[in-house]
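In: Got a predicted structure plus its sequence, pasted below:
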Amino acid sequence: MIGRAILKTPVSDARWIARLGEVLTRDYCSRYDRYLRWARNPLAVLILAMIASALCGLFLHPQGFVVAFGLAVVLAVGVVWPSLSLRGLGGTLSFEKRRTREGEPVKARLSIRNRYPWGAWGLAVQAGFPEGADRAVTRGLDAGLSHAAGWRTTEASWDFVPKCRGEYPADPPRIASGFPFGLWTASRQLRSGQSLVVWPRTFPVGPIPQAAGGRSAEGMAFRDKVGNTGDVLGVRAYRRGDPLRRVHWPQTARHGELIVCELQANSVPWVQVVLDTHTSSHTGSGPQSSREWAIRIAASFLEEWIGQGAEVEAIFSGRVVTSRERSIKARRSRVLDALARIGPDDPHSLADLLDIPACRDFGGGLRIIVTTDVGLRRFAPRRRQLVRERFVVLRAASFGEGLEYGGVEPLPVRPWILVDDPARIPQHIRQAWKEVLSG
Amino acid sequence: VVDEIPQDRVIRSATLAMTALATASVELGIAEPDRSKIASLAGAAAMMVPVLALAWYLGRSVRWRPNSVRRNGEVSSFIVVALLALLVLPFAMEVGRLFWFGRGRMLEVLLLASVRNLGLGLAALSHRTTFIRLSALVSLFLVAVSSAMAEGAAMIAIIVLFAAAGCLWLMRSYWGALRFEGSSGRGSRFPVGTVAMILAVVGSVFAAAAVGPTRAATVLAGLMPTSGGTFWNDPDAQGGVNDGDNEVSGSEKPVSVGFTESEIYLESDRPSLYDAFSEQYGEPFKRTKQERMIALGQQDVRGQKERPAENLRAGRQFPMVRQKPTAPTKRPGERQAKALLYIKGPCPLHLPLMTYDAFDGVDWEEEPHTYRSCPLEQEPGNNWLRLTVPRPLIFASVVAHQIKIGTLESSPLPVPAHLLRLRVGSVNRLDFFGWAQEGIIQMMDRTVPAGTTIETEARSVDPRCLATIDFTSTSVRSPECYLAFSDRYQVDPAVSELAFSWTSGLPRGWSQVDAVVAALRRDYAHDRKATPPADCCDVAGHFLLTSRRGPDYLFATAAAVVLRSLGYGTRIVSGFYASPERYDPGTRHTPVLGEDVHFWTEVRLPGGTWVAIEPTPGYEVMGTAFSWTEYLGAIAVALGNWIKGQYAIFVASGVFLAVLFRFWRELADLFLTFAWRLSPRRDTRRWLARTFRLVERRSRWAGHPRPASTTPRRWYVPSAPRSAVDQADDLATLILLVERSLYATDETRSSRGPIAAELAATCRQVVRNWTLSRFRASRVGTLS
């Protein structure tokens, strides 16, 4: 069983050899593997070898005791040495910056102080990820330190490229060592200096749709808006739907086509982004899961439209995060920090989210709902007055490992943007947006 | 825990070495008895050659065509089938062997051979991580099993080397799995020195366990499930080397006979002490006695039906004049005779069996039997019998022995002198024991049965206490029989003179006894064949004055005669001497053979206690046993005395060490500055670097070590206002020069010209200005 765990599927050779190889390497008792996982640990192997040697010494020849004794010494050194070498260690793990984004390197700084005269070798920083965290995510912050000399302070730094948004380190980081044999890993807790908030990766999404409307207010954003109020900003070619009252006739006569006056008014677009992070709505794991991509898409809308002066409201996990009356940088940080800190579990379904007061009372703006087709299955659309809803739907089957795409099921709503290719999401959003505009 | 073993040349080499050692151990383990070890090792080497060649070829082909390596974890079916074929090959060959020779090999041999083949195959594929791990696992199993199937220096060497290779394998695997990134002190260099130290520790522990003074295997053999043991036994045991319940039950149905603690005694024809005397010292000359026949009347004859037991007869003699002993003849192939006794416990050990007090110049007369019962009392709850005799203050700690009667037939118990308590199997009848002679316990009316185990605890004599005993008091004079000789013998005046010359200048007491013993051991030679002539009437005088060589009984006689002439009560004792040289680590016992029969002398102390002295060269009296507290006390006293004798040196050393401890940085700085001044200045760049290293070291010793992640400029050149830190200008200049020199062209390396002179001046200025004390007082590093 253990051997089978190592020897995986044989590849093509002569047919009968391949068949024989398959028969020989098939795991016939795979359900017992989880009970034998301990046997892959070198410590367990050496303990078993020591017992076997002692039995040989008992029943065959006393010389077996020599091997058993030697193995016991190796085990003792392998267990005691790491514990002793780590006894005097303490230190701090900090980051150069307070915030960064997924995929952007940030300098991680480790300062280790050894209070004891003996040195410690083969140290590994375990950067405080909870048990069972995705290895692909945690690997970046784990680092090795070859030596921490006795009675010294050793400093090290390395580039940490976060693969996934979040707040690092999640748990207090630890310094660990299994030197010399790697049989037993002793660890000590490090102090955590400045933590790192990793924002989700964002991409350009374009201008705010006209449907977002706007409130006449003393806002920061000036919008080119055709209407009856405001100051004349300039002229432009007529578009279908422009009122004839704004036609600038002299210019029309000069150019031979309809030219309208464009008025500029102080107004603030109002957007509400509802993000469905319910666990059962999503598939896949780690940074490429549909949940993470949904967060990235929502973050992209929020960040870019905050930058364009919109008043946005992010709703997820039963929380409402608003960004108003501050500088654009502060509003952006507030929203992205909140998105970065979204936890792994969320009991709120899309219907629950749309039922909270902030959603019920929303009116006059644009609501973007980011969810998956799985999340929409339990969603019954209701006609809401004065709310323009746009659905960004991720096809969940495209993000799950080993999930078969079971055909196109009819969705209860017509999606604004449908994402079904995880490899080209930024392009997909941008392209879909243009298509909508042109349509 | 190592999850992933990296592809590492050292790991691969260690894997191949482990496989080679495992193969060698298997070859030694399964070799036929008549096969030499060299042939076995050569066979292992022959097997490794194709494996190494294949491993080399596969490793190279992978390097040339990296795309040919399949994804980790996938194994070609061809490899699986080939490994299976290697596994079953020995069994297939066994079928042929049975068919051809009609004789097969044992199943465990076949199993080991097939696993060995598997290990060899896996080692050949060691360019793959998966196979490295499996190969190491298989070789560990092979060594663990085959080490119990063969013994000898070669196997021990293999075990030690395997331990070293295995440790290296584990360490490299762990090190390779660590991810070293960025700047981290000394980088990711493998700590060769530390690893060498660990390997040395583990290797030496292995070596100590395997070949040390007390072999671990021998000591741990006490855990073997035998037919009996001190604390436990195993009913399924197939053999027995210890003592215990099962041997007692075995003697009820005596399929085999071993040592027993039961009272079921079997009679057999076994040698007695006298047989041992005759074998060892030669037969005594039979003196022809002229007897006159006198006719007795019928009324004077009284019939006696029972024949008196020979061994219980008193008044026997030991003639000093004997024939030369003949060397025992052994037929070829005859095995060594069984031992008379087996001793478990510290040796050397004297086991007195008979004492002699009267001497007539030629024969020693056995001391009369007292037939008194011993002052024994049984300890409650067990079978230990404790002697309740008064003890003088000459003894140190207690020494425990276990004495197993082999083939000896003797009524006196072969137990050490100064017995404190004893246990003879489960015998708890006090009337079974009595004094044979003073200090010699015997079994009354019977001999000690073979196979009896006697456990004893005796006190060891402390020589320091002996030196304090007062021999001058007339009230404690020894009985006459231990001081005088028979009427027919007068001590030769020359012998008396010799005795006085040996002890002249020494006060009466144990120091004189020691002097006599020392003189005999120093000036006389032990020679078993140098027996006195048959017509000699004064063997002691002949030995002391003429021959000056002889067997041990002459040494004992000479010591007794000389000491009696000086007024000390003496007797000679015959018995056995358990020599530490005979210690058998396999059985953890010291056998006592017939050749170990021995004579020595005992001196009577004023209180009536007999103390053994050993005048024969080559024999030693058992050393003094101390408890660990006494040992620690003695060590402390000796250390104190030694320190007291070296007072001045210690004070000077202490002061020196204190100064060194307090000012080691200053002294080291002095030395390094001196070395800097002597260093060559041809290469400007190197000289600048050397100067900067000196500055760095001073800064570190002053408590401002520059972190590896901080540049020198940032650390040493403060960013504070210039007026506040103008003293740092020369240091800033040096750092500027160092930085420039790193990127300078070769021309600037010249030691000539105005630039070089300026550099030299700057360096000198920095070294002169930035002393250790200035670094301490400065705020280097704090302003950066």
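Out: That came in fine, so what should we check first?

In: From here on, just use CA atoms for contacts and neighbour counts.
Out: Fine.

In: how close does A:Trp81 get to A:Phe179?
Out: With the distance defined as Cα to Cα, to the nearest Å, A:Trp81 ends up 7 Å from A:Phe179.

In: Neighbour count: the two, which is higher?
Out: Using other Cα atoms under 10 Å in any protein chain shown as the criterion, A:Trp81 and A:Phe179 rank with A:Phe179 on top: 30 against 20.

In: and the longest helix along chain B, what does it pack onto?
Out: Among the segments of chain B that qualify as a helix by DSSP state H, the longest is helix B:647-678. Where contact means 3 or more Cα pairs under 8 Å, 6 or more residues apart in numbering or on different chains; DSSP states H and E, helix B:647-678 is packed against helix B:684-701.

In: buried ones in the helix it packs on?
Out: Residues B:684-692, B:694-701 are the ones in helix B:684-701 that count as buried (16 or more other Cα atoms under 10 Å in any protein chain shown).

In: now stretch B:157-168
Out: Buried, per 16+ other Cα under 10 Å, within stretch B:157-168: B:157-168.

In: Stretch B:577-590 now?
Out: B:577-579, B:583, B:587-590.

In: try stretch B:92-100
Out: For stretch B:92-100, using 16+ other Cα under 10 Å, the buried residues are B:Glu94.

In: quick one: that stretch to chain centroid distance?
Out: 47 Å (Cα atoms, centre = their mean, to the nearest Å).

In: of all the residues in the stretch 151-300 of chain A, which ones are close to chain B?
Out: The stretch 151-300 of chain A has residues A:154-159, A:178-185 near chain B, with proximity defined as Cα under 8 Å from any Cα of the partner chain.

In: Quick one: those residues as a markdown table, columns for distance to B:Trp664, secondary structure and pLDDT too.
Out: Formatted as a markdown table, those follow (distance: Cα to Cα, whole Å; DSSP: H, G, I helix; E, B strand; the rest coil; pLDDT from 0 to 100):
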| residue | distance to B:Trp664 | secondary structure | pLDDT |
| --- | --- | --- | --- |
| A:Thr154 | 23 | strand | 87 |
| A:Glu155 | 26 | strand | 86 |
| A:Ala156 | 29 | strand | 84 |
| A:Ser157 | 32 | strand | 83 |
| A:Trp158 | 36 | strand | 81 |
| A:Asp159 | 39 | strand | 82 |
| A:Gly178 | 34 | coil | 89 |
| A:Phe179 | 32 | coil | 85 |
| A:Pro180 | 32 | coil | 86 |
| A:Phe181 | 36 | coil | 88 |
| A:Gly182 | 37 | coil | 88 |
| A:Leu183 | 39 | coil | 89 |
| A:Trp184 | 38 | coil | 88 |
| A:Thr185 | 37 | coil | 88 |
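
In: ok, back up a step: tell me which two in the buried residues of stretch B:577-590 are the farthest apart.
Out: B:Tyr577 and B:Thr587 (18.8 Å; Cα to Cα).

In: for A:Arg291, what are its contacts?
Out: A:277, A:282-284 (Cα atoms under 8 Å, 6 or more residues apart in numbering or on different chains).

In: Which pLDDT does the model give the residue of the stretch 251-400 of chain A found nearest chain B?
Out: Closest to chain B within the stretch 251-400 of chain A is A:Gly286: 20.5 Å, counting by Cα to the nearest Cα. pLDDT, A:Gly286: 82.

In: ok, it to B:Leu107 distance?
Out: Relative to B:Leu107, and taking Cα to Cα, A:Gly286 is found at 53 Å.

In: what's the answer for B:Leu466, then?
Out: For B:Leu466, the distance to B:Leu107 - Cα to Cα - is 65 Å.

In: Same check on A:Glu96?
Out: 66 Å.

In: tally of neighbours for B:Tyr619?
Out: 18.

In: where are the low-confidence patches of chain A?
Out: Counting by pLDDT under 70, chain A contains low-confidence ranges at A:1-14, A:127-142, A:210-229, A:265-266, A:382-386, A:401-409, A:432-439.

In: helices and strands around the helix ranked longest in it, which ones?
Out: Counting residues, the longest helix found in chain A (DSSP H) is helix A:63-87. Under the contact criterion of 3+ Cα pairs under 8 Å, 6+ apart, helix A:63-87 touches helix A:42-59, strand A:120-126, strand A:174-177, strand A:186-189, helix B:129-146, helix B:153-177, helix B:192-211, helix B:216-220.

In: mind running it again at 7 Å?
Out: Contact here means 3 or more Cα pairs under 7 Å, 6 or more residues apart in numbering or on different chains; DSSP states H and E; on that basis helix A:63-87 packs against helix A:42-59, strand A:186-189, helix B:192-211, helix B:216-220.

In: Format the ones you listed as JSON lines; extra columns: distance to A:Ala143 and mean neighbour count.
Out: Formatted as JSON lines, the helices and strands packed on helix A:63-87 follow (distance: least, Cα to Cα, whole Å; neighbours: other Cα atoms under 10 Å in any protein chain shown):
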{"stretch": "helix A:42-59", "distance to A:Ala143": "22", "mean neighbour count": "21"}
{"stretch": "strand A:186-189", "distance to A:Ala143": "14", "mean neighbour count": "20"}
{"stretch": "helix B:192-211", "distance to A:Ala143": "21", "mean neighbour count": "17"}
{"stretch": "helix B:216-220", "distance to A:Ala143": "42", "mean neighbour count": "19"}
